[in-house]
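Visitor: fold the following and give me the result.
(chains A and B)
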Amino acid sequence: MAMSVLLVVIMVSAVLFAVFQGTTAEMSAGLLDGAKDAVSLAISMAGVICLWCGVVEVMRRCGLMEKLAKALRLPISALFFEARADSGLRGDIAASVSANLLGLGNAATPLSIRAAARLHDVSGRTGAASDSVCMLVILGSCSIQIIPATIAAARASQGAASPFDILPAVWIATVISCAAGVIAGLLFKRVWR
Amino acid sequence: MIWQLITPLLILGIALYALLRGVDIFAALIAGARDGLNVLLRIVPALVPLLAAITMLRASGFLDAFAEFCRPAFQFLGIPPECAPLLIVRPFSGSGALAVGVELMRSHGADSLVGRTAAVMLGSTETTFYAVSVICGAAGVTKTRYVIPAALLADFAGYITASAAVRWLFT
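Guide: Numbers count the residues shown, from 1 in each chain, chains lettered A, B, ... in the order given. Next up is the predicted model:
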């Protein structure tokens, strides 16, 4: 429903603004151009997205995901005290974090849900999230994927000379944003009961 | 130079490692590409109305006026004011944000400061409200306590850093 309201708000603003600014002709053309561009955009993005999904599938099949999950044990034990003794729980959290890192969109969400549900069970609470569940969800809502393939595909479709040259900037922004989320979580848990 | 080589080298490295581990790379690539088509099939229907609406908004002149309106506050934060609509849509809708981002790349150029900042913002933040509601809803968590403020703070830090990183690396 939220999307429906958003769409109507956008269209009302566009029509009203165009009438006052005298840009009705351009605005009407924009409606059809946008719809047309959505499909050509999808076609020009398809190649990069399919290629990257293939590479990610290769990584999954050759065990790189488990390697990554193993490497994540230490930081996960530091952030989630419940996971220190419980290796199954630690594995669930590691799987969800590494799926997010690799950008496995389809696999990441169910893994995050599983890890969150298990952490929630362990906490013994009924409705309100425990501090560890909060931390996991905060991490899940920070984009931590290493290669943002969809964005690179979008850049390629819009004529970028080197679509992946934004990678270092994306990594810097991701690290700072995740750090801000984790620090905010650690601070808020002291005051927010 | 190194950033031009990173994609082929990364893919080559993964392929060599997989081959040594005896993985049928071609079969995996094909299976993955099929997944990719499914991903596209999921985003495209949403992109059609969204990109149509946002192109209307651009063509009416609203987006330029909105950027002007936001200029003082955004300049203070170091964020290109043209990216203001992206910041508003980003936490609510992934495909909406992609549509806004693509529109910014198209109207300002994919390699412009605005186009690059939009891409980095898209790549370094997540659809916060969607992610939180899906994960908490399915895990049986009803009260999310401080998750939303902390996650939005993370997004905000991401926007500022994205703008600063692009300015620093590309000008």
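Visitor: contacts only, for A:Ala69.
Guide: A:Gly91, A:Ala94, A:Ala95, A:Val97, A:Ser98 (C-beta atoms under 8 Å, 6 or more residues apart in numbering or on different chains). Every C-beta, even on glycine, is put in place using the N, C-alpha and C of the backbone.
Visitor: setting aside sequence neighbours, what's the nearest residue to it?
Guide: A:Ala94 (3.8 Å; C-beta to C-beta, 6 or more residues apart in numbering or on different chains).
Visitor: now the contacts of A:Ala69 in CSV, with secondary structure and distance to A:Ala38?
Guide: Converted to CSV, the contacts of A:Ala69 look like this (DSSP: H, G, I helix; E, B strand; the rest coil; distance: C-beta to C-beta, whole Å):
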residue, secondary structure, distance to A:Ala38
A:Gly91, helix, 40
A:Ala94, helix, 37
A:Ala95, helix, 34
A:Val97, helix, 33
A:Ser98, helix, 32
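Visitor: which of the residues you listed lies closest to B:Asp155?
Guide: Closest approach to B:Asp155 among the contacts of A:Ala69 (C-beta to C-beta): A:Val97, at 18.5 Å.
Visitor: give me the mean pLDDT for the one helix or strand A:Leu119 maps to.
Guide: Element membership for A:Leu119 (DSSP states H and E) is helix A:105-123. Computed over helix A:105-123, the mean pLDDT rounds to 86.
Visitor: thought the residue nearest to A:Ala69 was touching A:Leu72?
Guide: Yes. Here A:Ala94 reaches A:Leu72: they are 4.8 Å apart, a contact under C-beta atoms under 8 Å.
Visitor: which of those two has more neighbours?
Guide: Neighbours were tallied for A:Ala94 and for A:Leu72 using other C-beta atoms under 10 Å in any protein chain shown; the higher tally belongs to A:Ala94 (25 against 17).
Visitor: ok but A:Gly159 is inside a strand, no?
Guide: No. According to DSSP: H, G, I helix; E, B strand; the rest coil, A:Gly159 belongs to no strand; its state is coil.
Visitor: with adjacent residues omitted, what lies nearest to residue 108?
Guide: By default, I'm working from chain A. A:Ala108 sits nearest to A:Ala99 (C-beta to C-beta, 6+ apart), 4.0 Å away.
Visitor: you looked at the wrong chain, it should be chain B
Guide: B:His108's closest residue in space is B:Val114 (C-beta to C-beta, 6+ apart), at 4.0 Å.
Visitor: downstream of whatever helix or strand the one you found lives in, the next helix or strand is which one?
Guide: Using DSSP H and E, B:Val114 sits in helix B:113-124. For helix B:113-124, the following helix or strand on the C-terminal side (DSSP H and E) is helix B:128-139.
Visitor: quick one, the helix or strand following that next one and helix B:128-139 angle?
Guide: Proceeding N to C from helix B:128-139, the next assigned helix or strand is helix B:147-170, under DSSP H and E. With axes from the mean of the first three to the mean of the last three C-alpha atoms, to 10 degrees as the basis, helix B:147-170 and helix B:128-139 are set at 140 degrees to each other.
Visitor: tell me what angle helix B:147-170 forms with helix B:113-124.
Guide: 140 degrees.
Visitor: run through the neighbouring helices and strands of helix B:147-170.
Guide: helix A:131-140, helix A:167-191, helix B:62-77, helix B:113-124, helix B:128-139 (3 or more C-beta pairs under 8 Å, 6 or more residues apart in numbering or on different chains; DSSP states H and E).
Visitor: count of neighbours near B:Leu113?
Guide: Neighbour number of B:Leu113 under other C-beta under 10 Å is 17.
Visitor: what residues does it make contact with?
Guide: Per C-beta under 8 Å, 6+ apart, neighbours of B:Leu113: B:Pro80, B:Val166, B:Arg167, B:Phe170, B:Thr171.
Visitor: and those as JSON lines, adding pLDDT?
Guide: Shown next, in JSON lines, are the contacts of B:Leu113 (pLDDT from 0 to 100):
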{"residue": "B:Pro80", "pLDDT": "96"}
{"residue": "B:Val166", "pLDDT": "97"}
{"residue": "B:Arg167", "pLDDT": "96"}
{"residue": "B:Phe170", "pLDDT": "92"}
{"residue": "B:Thr171", "pLDDT": "83"}
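Visitor: centroid-wise, who is the farthest residue in chain A?
Guide: A:Gly22 (39.6 Å; C-alpha atoms, centre = their mean).
Visitor: what's the distance between that one and chain B?
Guide: 9 Å (C-beta to the nearest C-beta, to the nearest Å).
Visitor: just A:Phe17 next, same as before
Guide: 4 Å.
Visitor: quick one on the thing from earlier: separate out the buried members of the contacts of B:Leu113.
Guide: By neighbour count, with 16 or more other C-beta atoms under 10 Å in any protein chain shown, the contacts of B:Leu113 hold B:Pro80, B:Val166, B:Arg167 as buried.
Visitor: what's the closest non-adjacent residue to the residue positioned nearest the centre of chain A?
Guide: Chain A has A:Ser143 as the residue nearest its centroid, 4.1 Å off, counting by C-alpha atoms, centre = their mean. Take A:Ser143 and drop its neighbours on the chain: the residue closest to it by C-beta to C-beta, 6+ apart is B:Glu126, 4.2 Å away.
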